[in-house]
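Novice: How does the following fold in three dimensions:
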Amino acid sequence: AAGLKAIAVGNVGTPILDALRDPVAYDVFAVELSSFQLHWAQSLSPVASVCLNVAEDHVDWHGSYNSYLADKAKVYERTQKACIYNAEQIETERMVEDADVLEGCRAVGFTTLTPAISMLGVVEGLLVDRAFIEERKDSAAELASLADLGQFAPRHMVANALAAAALVRAYGVDSKAVRQGIQDYVPGNHRIQPVAREHGVLWVNDSKATNPHAAAASLATFDNVIWIAGGLSKGVSYDDLVRDNAARLKAVVLIGTDTAPLADALERHAPDVPVIQTPAGDTENMQTAETGGAKTGSSPDSGAAVMSRAVASAAQLAVSGDTVLMAPAAASMDQFSSYAHRGEAFIEAVRELVEGQAKTGEE
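Specialist: Okay, here's the model as predicted:
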């Protein structure tokens with residue numbers, strides 16, 4: 001959009017050094033940095049920066065939640081034009097307040113509610129800007145509609161769109177180009193990805209939901225959920241996640257070698273929800289950049305049988321009107337090489353199930 005040559009680099013997309021060597025002369029790098037990468041960062045100076053949210057995650061690696069927050073906050077250091085913060089999470093605003101930025105840099109919030117001055121937000125189904133316009137005291141610029149976000153527009157997707165809009169507005173992109181960019185955007189795989197709808201049951205892959213915060217956003221999108229969850233918990237608590245979403249849960253199918261923390265939370269806060277434990281099978285620990293470690297050898301198909309059993313268990317429970325949601329709220333490396341590998345295993349298992357049901361119907 002806006003005629004700019006841009007590329008997603010860093011923790012998602014192309015490695016930044018590969019992009020620098022690319023013969024294409026890019027105008028803009030959209031850089032995603034993990035908390036691990038930020039931990040080691042010493043000289044970042046972005047044009048605009050954002051911390052989308054914070055939630056207890058990777059505590060086992062960072063040592064404590066406060067250390068995790070401190071590393072996430074480094075994204076704002078030496079920002080040149082705009083520090084974008086989540087107005088619905090006070091922690092991100094405090095990060096901006098404490099950041100050492102360049103002179104002239106401003107703070108801009110985003111919210112899924114009605115925005116105040118110097119914020120982007122939502123008014124009557126429209127994404128609007130009250131930060132990067134002259135008349136921001138008493139008016140707002142329309143950027144896009146919720147319908148422009150596609151089939152699903154869960155709250156966290158709206159928030160992400162507003163944050164992205166704020167970043168590009170800080171760079172000088174006009175509102176028309178923002179709308180075009182939102183309309184053209186195709187969410188990556190494994191992010192609330194519809195896989196199939198069969199016999200009235202919707203199957204959704206959100207393998208990218210690797211922590212409770214992301215899983216909560218995914219669960220909030222649906223009702224009557226059969227939830228496939230579990231993996232490496234990374235030392236987090238599941239109490240709030242289960243307590244806040246217990247009414248949505250019809251049943252839970254647990255996967256992974258570290259199911260006890262989630263199973264215990266379900267017993268405490270959703271005792272009436274059926275819980276099925278999927279046998280782990282013969283799987284080996286894997287580490288990837290998702291945990292800041294190096295991948296170790298293991299069979300690439302070691303988790304496929306586990307996922308197939310989980311999908312079969314969910315299918316036995318699902319009826320028309322239900323959603324089977326794979327939003328693990330945990331890392332994948334106990335049984336898969338990455339969240340993408342886990343997501344592909346789910347997709348394949350669902351497709352095999354649907355094909356099997358179709359053949360049965362023909363007989």
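
Novice: Could you use CA atoms for every contact and neighbour count after this?
Specialist: Fine.

Novice: host element of Val158?
Specialist: With the criterion set as DSSP states H and E, the secondary-structure element containing Val158 is helix 155-171.

Novice: next one: that helix to chain centre, how far?
Specialist: Computed by CA atoms, centre = their mean, to the nearest Å, the chain-centroid distance of helix 155-171 equals 14 Å.

Novice: For the following helix or strand past that helix, C-alpha coordinates in CSV please.
Specialist: Reading on from helix 155-171 to the C-terminus, the next helix or strand found by DSSP H and E is helix 175-184. The C-alpha coordinates for helix 175-184 follow below in CSV (Å, rounded to 0.1, in the frame of the first residue of the first chain):
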residue,chain,number,x,y,z
SER,A,175,-5.9,6.9,5.5
LYS,A,176,-6.9,5.7,2.0
ALA,A,177,-3.8,3.5,1.8
VAL,A,178,-4.4,2.2,5.3
ARG,A,179,-7.8,1.0,4.3
GLN,A,180,-6.4,-0.7,1.2
GLY,A,181,-3.7,-2.4,3.2
ILE,A,182,-6.2,-3.7,5.7
GLN,A,183,-8.5,-5.0,2.9
ASP,A,184,-5.6,-6.7,1.2
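
Novice: Which strands border the helix or strand following helix 175-184, and is each parallel or antiparallel?
Specialist: The first helix or strand that comes after helix 175-184 along the chain, using DSSP H and E, is strand 193-198. Using DSSP bridges, strand 193-198 pairs in its sheet with strand 201-205 (antiparallel).

Novice: Name the residues that touch the strand it pairs with?
Specialist: If you take CA atoms under 8 Å, 6 or more residues apart in numbering as the criterion, strand 201-205 is touched by 190-197, 318-327, 343, 346-347, 350.

Novice: go on, stretch 10-21?
Specialist: Residues external to stretch 10-21 that are found in contact with it (CA under 8 Å, 6+ apart): Ile7, Ala8, Val9, Val31, Glu32, Leu33, Ser34.

Novice: Chain neighbours aside, what residue packs nearest to Met326?
Specialist: For Met326, ignoring the flanking residues on the chain, the nearest one in space by CA to CA, 6 or more residues apart in numbering is Ile228 at 4.6 Å.

Novice: hey, what's the one you found bridged with?
Specialist: In this entry, Ile228 is beta-bridged to Val253, Met326, by DSSP bridges.

Novice: Now do it against Pro15, distance only.
Specialist: Using CA to CA, to the nearest Å, one gets 31 Å for the distance from Ile228 to Pro15.

Novice: ok, the two, which is more surrounded?
Specialist: Between Ile228 and Pro15, counted using other CA atoms under 10 Å, the more crowded position is Ile228 (28 against 13).

Novice: Enumerate every residue touching the more buried one.
Specialist: Ile228 makes contact with Val252, Val253, Leu254, Ile255, Ala310, Ala314, Val324, Leu325, Met326, Ala327, Pro328, according to CA under 8 Å, 6+ apart.

Novice: Save these as TSV, and put in neighbour count and pLDDT too.
Specialist: Formatted as TSV, the entries for those read as follows, by neighbours: other CA atoms under 10 Å; pLDDT from 0 to 100:
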residue	neighbour count	pLDDT
Val252	26	99
Val253	24	98
Leu254	24	98
Ile255	26	97
Ala310	24	97
Ala314	22	98
Val324	28	99
Leu325	28	99
Met326	34	98
Ala327	29	98
Pro328	29	97
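
Novice: show me where the stretch 1-150 of the chain has strands.
Specialist: In order along the chain, the stretch 1-150 of the chain carries the following strands (DSSP state E, counting those that start in this stretch): 6-10, 28-32, 48-50, 82-86, 106-110, 119-123, 126-129, 141-145.
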